[in-house]
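Q: Build the 3D model from these lines:
(chains A, B, C and D)
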Protein chains: 2
Amino acid sequence: MERERSAGTTPRRTTLADVAAAAGVSRALASIVMRGAEGAGQATRQRVLEVARELGYRPDSRARLLRSSRTRLLGVTFTVSEPFHGEIVESIYAAAEAAGFEVALSAVGERRPESRAVESLLDAGIEAALMISPSSASVELAAYAHRVPVVSLLSPVAAEGVDVVRSDDGAGVRAAVEHLVSLGHRDIAHVDGAAAVAASERRTAYEAAMREFGFGSSIRVVNGGAHEEDGIRAAGELLAGPPPDAIVAFNDRCALGVLEAVRRAGLKVPADLSVAGYDDSQLSRLSHVQLTTVSQEAPRLAEAAVACAAARLASEEPSGLVHQPLLVVRATTGPAPARV
Amino acid sequence: MERERSAGTTPRRTTLADVAAAAGVSRALASIVMRGAEGAGQATRQRVLEVARELGYRPDSRARLLRSSRTRLLGVTFTVSEPFHGEIVESIYAAAEAAGFEVALSAVGERRPESRAVESLLDAGIEAALMISPSSASVELAAYAHRVPVVSLLSPVAAEGVDVVRSDDGAGVRAAVEHLVSLGHRDIAHVDGAAAVAASERRTAYEAAMREFGFGSSIRVVNGGAHEEDGIRAAGELLAGPPPDAIVAFNDRCALGVLEAVRRAGLKVPADLSVAGYDDSQLSRLSHVQLTTVSQEAPRLAEAAVACAAARLASEEPSGLVHQPLLVVRATTGPAPARV
DNA sequence: TTGAAAGCGCTAACAA
DNA sequence: TTGTTAGCGCTTTCAA
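A: Now for the predicted structure:
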C-alpha cells in the first residue's frame, strides 16, 4: 500500500508565501497578520486570515524560532518518574499559554542527565528555562543562567542568577504540626527526606514548630527519603519502640510507605496514629488513601514560575516567588487517642 | 545586578561560521564534519572538531531542523499523569538515541488535547510521530499518518496508515490465567478496563483462557476501569457475594485498588485470594506491593516503536510490531486455599 | 577533498 | 498601510 507521503510524492506543506500569494499580499504583510502584529488593515487582515484557514496554513515553528529574536518559547525540564512533576508540567502548559508562551519539554531520567535535557532546550532556542527540582550543581545552573533566565521550581538551590519559585516549606510543615497539636497530639515524629531536595528545610521547620508549641522534648526525627520504600523502612524503625501519636512525613510518597508500615503493624489510622504527608499529589487524593497533606498548589506554582520568567525577560524584578502552602485535611489525621 | 545576557550585551552564540573561520575551512565543510557525513579528510576533520570543542560550539537545532530534509526528529505524545507512559518515554529516549534520532516531547493532559500535542510536533518538523495510547479518532489519526509515519503504542487502534506497536495482550492475560490455574485456582474473576484502551481485548482473552482451561462456567467479569478507584469499586461488587479464588485486574493501578478493597474486607492476599495486574509498572514493584503482573517490557516496546518509525522512513515494511509479554510472578498470587 | 552559491520559511528593518 | 530587502544558521547541490 503506497502512501501519499511516500518517496517523492510529499505534498509540500502550505507556507506563508502560499498564503500571501493567494491573498494577493506580500509575505511580510501576511506574517504581520498571522502574528497578530499591528500594521495591517482590517480588510486585509480578514482576507489573509480567511485564505490561511482555507489553505490549512500552520506556521512552521522551526522557521519562526530561527528568525525571531523573541521566540516566546519556554523550556521545561522535569523528571519523568515523578508524578508531582507531571502535575506541574500540565499546569505550566496552561500558564504559559495564558501568558503567550509556547512550551518545550525535556525529560530527565536515569539514562538522561539533566545537563543533556537543558542543552537540548538551549539548542532549540528557548528564551527561558523552568527547571523542576533541578539536580545540577550550582556552577552548572549558574552557567545556564548566564545564557537564559533560569527558574528553579521546588528546590531552593542557591545559584547565581537563578530564581527560585517554591512554596514556603517551613510554613507548610508548621501548619501540619499545628494541625496535629490542635488535635491533641504531642508525641509527633518526623520521617525526613534524607538527601532529597528541601529535606533539611522541612526537618528544621518541624523541629522549630515542635519547640514553638512546647514539645521540644519530644522531637523525634527518623531518616527517611522521598519514596514509599523509605517511608516503610523509617516507620519500621519508629515502631520498633513505643509508637508516636502522629507522624509528619517528608512527602506523600513517603507518607504512603509510612501508612503501609503502620497498618501492617496493626495500628489503625487515624484512631491509633495520625499521618500527614506533603505535596497533595494525586496519590494522596485517592479515595482509599485520603491523606492529610500540605498542598503546594501546582497550578499557582506554575503560574508564578511563568510569571517570573516573563518578568526576567522584560528586565523586571520578579515577585511572588514564595508561595504560601495550604494544609489539606483528609482522613489520616484525627484526634489523639485518650492518654494513659 | 546586571546580567551578562541583559539587554544588548548578549554574547552571540558560536555558530558554524565561527568554527569554519577559526579552522580555516568553508562553512559547508565544517557542516560535513559536524554531521559526521563523508566528504572530509582525516586531518581536516580532526582540526574542525578540535576548534568546535574549543569554541564550545553547539549546532542550532532550529536552523538544522529548518534546512534539512531529514530532521531525524521523532515526536512523542504521552499523557503526563500516566506513570507507565513515563516509563515508555524514558525508554524511547534511549532507543531513539541509539538509532540516531532526536526526541521532541508533547504532553497530553486534561487541558491539552491530543490534537494540539500532535500539531505542535508537526509544526516542529518531526519526521515521525510515536503516540502513546492515542485517544484521537481513527480519521484524525489517519490524517496525521497522511503527513508523517504514525506509530501507536499500546493501543490497538485501527486507522489507515497507522502502525500499532504493542504487546500481545491476549497472550499476557492468558499467561496470568494459566499461572493462576496452575496454582489450583478455578474461580478466577476479571475486573475489566471498562472503556479504557485495550480493555475489550483483555476481557475477551480472559474469557477465552477460562474456557480453554475448562472453567468456562466460572467466568465472571466485573466492570472496572484503569485507575485505583475503579478497582476498589469493582472489587467491592465482587466481594458482595461469595469471593472468587483469584482476580485478574485490567492493569496495575486497577489491581492496586482491588488489593485495597480485598484487604479492607479482611481477606489475606494471597492466602485467601490471589490478585494479578498488568503492566509491571513501578507501582507493582514497590516492596510493599509486590504485585504479580504481566510486563509489557517498556524498553523493548520503545525499541520496536522506534524501529518501526525508522523502517517507515526508509520505506521498508516494519516488523516485530507485536511483542510477547512476560509474566512477572511476585507476592500477590499463591496456591489456592484448600477447598471445602 | 574542498568551496561557492542557493535557499529552508520565516521575521524585522526600512522605504514607499 | 503596504511592500522590499535582508538575513536567522544551517544543509545541500554543484562545480572546482
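Q: can you list the domain ranges for chain A.
A: When chain A is parsed with automatic domain parsing, its domains come out as A:16-59, A:68-167+A:298-323, A:169-297.
Q: Other residues contacting the host helix or strand of residue A:78?
A: Element membership of residue A:78, judged by DSSP states H and E, is strand A:73-79. Contact with strand A:73-79 is made by A:65, A:85-86, A:88-89, A:92, A:96, A:101-109, A:114, A:117-118, A:121-122, A:124-134, A:148, A:306, A:309, as judged by Cβ atoms under 8 Å, 6 or more residues apart in numbering or on different chains. Bear in mind the C-beta positions are built from the backbone N, C-alpha and C, glycine included.
Q: Find the nearest non-adjacent residue to residue A:112, please.
A: Among residues not flanking residue A:112 along the chain, residue B:93 sits closest, at 5.3 Å (Cβ to Cβ, 6 or more residues apart in numbering or on different chains).
Q: thinking the one you found is in contact with residue B:103, fair?
A: Yes. Under the criterion of Cβ atoms under 8 Å, residue B:93 makes contact with residue B:103 at 5.5 Å.
Q: With neighbour numbers in mind, choose between these two.
A: residue B:93 (27 against 23; other Cβ atoms under 10 Å in any protein chain shown).
Q: Against residue A:197, how distant is that one?
A: 23 Å (Cβ to Cβ, to the nearest Å).
Q: swap in residue A:303?
A: 21 Å.
Q: Between the two, tell me which one has more neighbours.
A: Between residue A:303 and residue A:197, counted using other Cβ under 10 Å, the more crowded position is residue A:303 (21 against 17).
Q: In contact with the residue nearest to residue A:70 when sequence neighbours are not counted, which residues?
A: Nearest in space to residue A:70, with sequence neighbours left out and distances taken as Cβ to Cβ, 6+ apart, is residue A:127 at 6.9 Å. Contacts for residue A:127 were tallied using Cβ under 8 Å, 6+ apart; they are A:70, A:71, A:72, A:73, A:74, A:101, A:148, A:149, A:309, A:313.
Q: pLDDT at residue A:127, what is it?
A: Listed pLDDT for residue A:127 reads 96.
Q: hang on, residue A:270 packs against residue A:331?
A: Yes. Look at residue A:270 against residue A:331 with Cβ under 8 Å: they come within range, at 7.1 Å.
Q: quick one: which of the two has more around it?
A: residue A:270 (22 against 14).
Q: does any bit of stretch A:28-45 sit next to chain B?
A: No. Stretch A:28-45 lies out of reach of chain B by Cβ under 8 Å from any Cβ of the partner chain, never closer than 12.6 Å.
Q: What parts of the stretch 1-150 of chain A come near DNA strand D?
A: A:24-29, A:32, A:38-41, A:43-44, A:63, A:66-67 (Cβ under 7 Å from any atom of the strand).
Q: And those, which of them are buried?
A: The neighbour-count test (16 or more other Cβ atoms under 10 Å in any protein chain shown) marks A:25, A:29, A:32, A:40, A:44, A:63, A:66 as buried among those.
Q: so can I have a markdown table of those showing secondary structure and pLDDT?
A: Converted to a markdown table, these look like this (DSSP: H, G, I helix; E, B strand; the rest coil; pLDDT from 0 to 100):
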| residue | secondary structure | pLDDT |
| --- | --- | --- |
| A:25 | coil | 93 |
| A:29 | helix | 94 |
| A:32 | helix | 94 |
| A:40 | coil | 88 |
| A:44 | helix | 92 |
| A:63 | helix | 95 |
| A:66 | helix | 94 |
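Q: would CSV of those with distance to DNA strand C be doable?
A: Output for those, formatted as CSV (distance: Cβ to the nearest atom of the strand, whole Å):
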residue, distance to DNA strand C
A:25, 11
A:29, 8
A:32, 7
A:40, 11
A:44, 13
A:63, 3
A:66, 4
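Q: residues touching residue A:144, list them.
A: Taking Cβ under 8 Å, 6+ apart as the criterion, residue A:144 is in contact with A:118, A:122, A:129, A:136, A:150, A:162.
Q: Distance from the chain centre to the strand or helix carrying it, please.
A: Applying DSSP H and E as the criterion places residue A:144 in helix A:138-147. Per Cα atoms, centre = their mean, to the nearest Å, the displacement of helix A:138-147 from the mean C-alpha position of its chain is 20 Å.
Q: what's the angle between it and strand A:73-79?
A: If you take axes from the mean of the first three to the mean of the last three Cα atoms, to 10 degrees, helix A:138-147 sits at 160 degrees to strand A:73-79.
Q: what about chain A, any weak spots by pLDDT?
A: A:1-11, A:339-340 (pLDDT under 70).
Q: could you pull out the helices for it?
A: A:16-23, A:27-35, A:42-55, A:61-67, A:83-98, A:114-123, A:138-147, A:169-182, A:199-212, A:228-240, A:252-264, A:282-285, A:298-313 (DSSP state H).
Q: can you tell me how far the spatially closest residue to residue A:37 that is not a sequence neighbour sits from residue B:63?
A: Once flanking residues are discounted, residue A:37 sits nearest to residue A:31: 7.9 Å by Cβ to Cβ, 6+ apart. Residue A:31 is 19 Å from residue B:63, where distance means Cβ to Cβ.
Q: what's the answer for residue A:302, then?
A: Using Cβ to Cβ, we find residue A:302 at a distance of 30 Å from residue B:63.
Q: was I right about residue A:95 contacting residue A:306?
A: Yes. The criterion here is Cβ under 8 Å, and residue A:95 meets it with residue A:306 at 4.2 Å.
Q: Can you give me the first-to-last residue distance of stretch A:130-146?
A: End-to-end distance of stretch A:130-146 (Cα to Cα, to the nearest Å): 14 Å.
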